[in-house]
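Trainee: After the sequence you'll find the predicted model.
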Amino acid sequence: MKRKRRKKTRIGSSFLALALLAGMAAGEKKPKVSEAHGLIAVTVFREPGFALPGADLTLAAFPVEPGSKHKLKGVSDARGEYVFRIPVEARKYSVGVSAKGLISQEKVLAAEGEQRFDVTFLLAAESKH
């Protein structure tokens with residue numbers, strides 16, 4: 001007995017073409033244009049120089065503009081790093097870091113333009129006196 005062969009169909013490619021046509025008929029949306037920004041990249045270490053994951057970070061801008069967020073918060077990743085996006089206008093920023101059992105620190109920097117600003121912290125253990 002001979003078996004009948006089934007004809008192979010390509011449903012996936014037909015579906016993709018149909019989806020593209022439907023998208024074109026619905027009207028194309030313009031891609032979102034990203035605003036210009038700068039970066040403040042923070043890296044946190046603990047003595048004797050190991051990366052510190054899980055450190056709490058704060059970024060405060062001053063002077064404060066009406067309607068803007070005054071403080072941004074973040075947590076360092078497994079490599080002790082975190083990056084804040086900032087507007088390109090000239091402004092001063094206060095970057096703070098804290099972690100349980102370590103002495104908190106804060107640094108101030110002036111930033112403007114589409115640049116990357118690197119801030120590094122080395123946190124020491126709190127004394128147990």
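Mentor: Received it, and whenever you're ready, just let me know what you need.
Trainee: ok, Lys71 - contacts?
Mentor: Contacts for Lys71 (CB atoms under 8 Å, 6 or more residues apart in numbering) come out as Thr58, Leu59, Ala60. Bear in mind the C-beta positions are built from the backbone N, C-alpha and C, glycine included.
Trainee: And for Arg79?
Mentor: Here Arg79 is in contact with Thr43, Ala51, Pro53 (CB under 8 Å, 6+ apart).
Trainee: Of those, grab the buried ones for PyMOL.
Mentor: Only the buried members of the contacts of Arg79 enter the following PyMOL selection, criterion being 16 or more other CB atoms under 10 Å:
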select buried, resi 43
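Trainee: could I get the contacts of Arg79 as a markdown table with distance to Gly80?
Mentor: Output for the contacts of Arg79, formatted as a markdown table (distance: CB to CB, whole Å):
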| residue | distance to Gly80 |
| --- | --- |
| Thr43 | 6 |
| Ala51 | 3 |
| Pro53 | 6 |
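Trainee: Which helix or strand lies directly C-terminal to the worst-scoring helix or strand of the chain on mean pLDDT?
Mentor: Least confident element among the helices and strands of the chain, by mean pLDDT, DSSP states H and E: helix 11-26 (a mean of 53). Per DSSP states H and E, the first helix or strand lying C-terminal to helix 11-26 is strand 38-46.
Trainee: on contacts alone, who are the packing partners of the helix or strand just after that next one?
Mentor: Per DSSP H and E, the first helix or strand lying C-terminal to strand 38-46 is strand 50-51. The contact analysis (3 or more CB pairs under 8 Å, 6 or more residues apart in numbering; DSSP states H and E) places strand 50-51 against strand 38-46.
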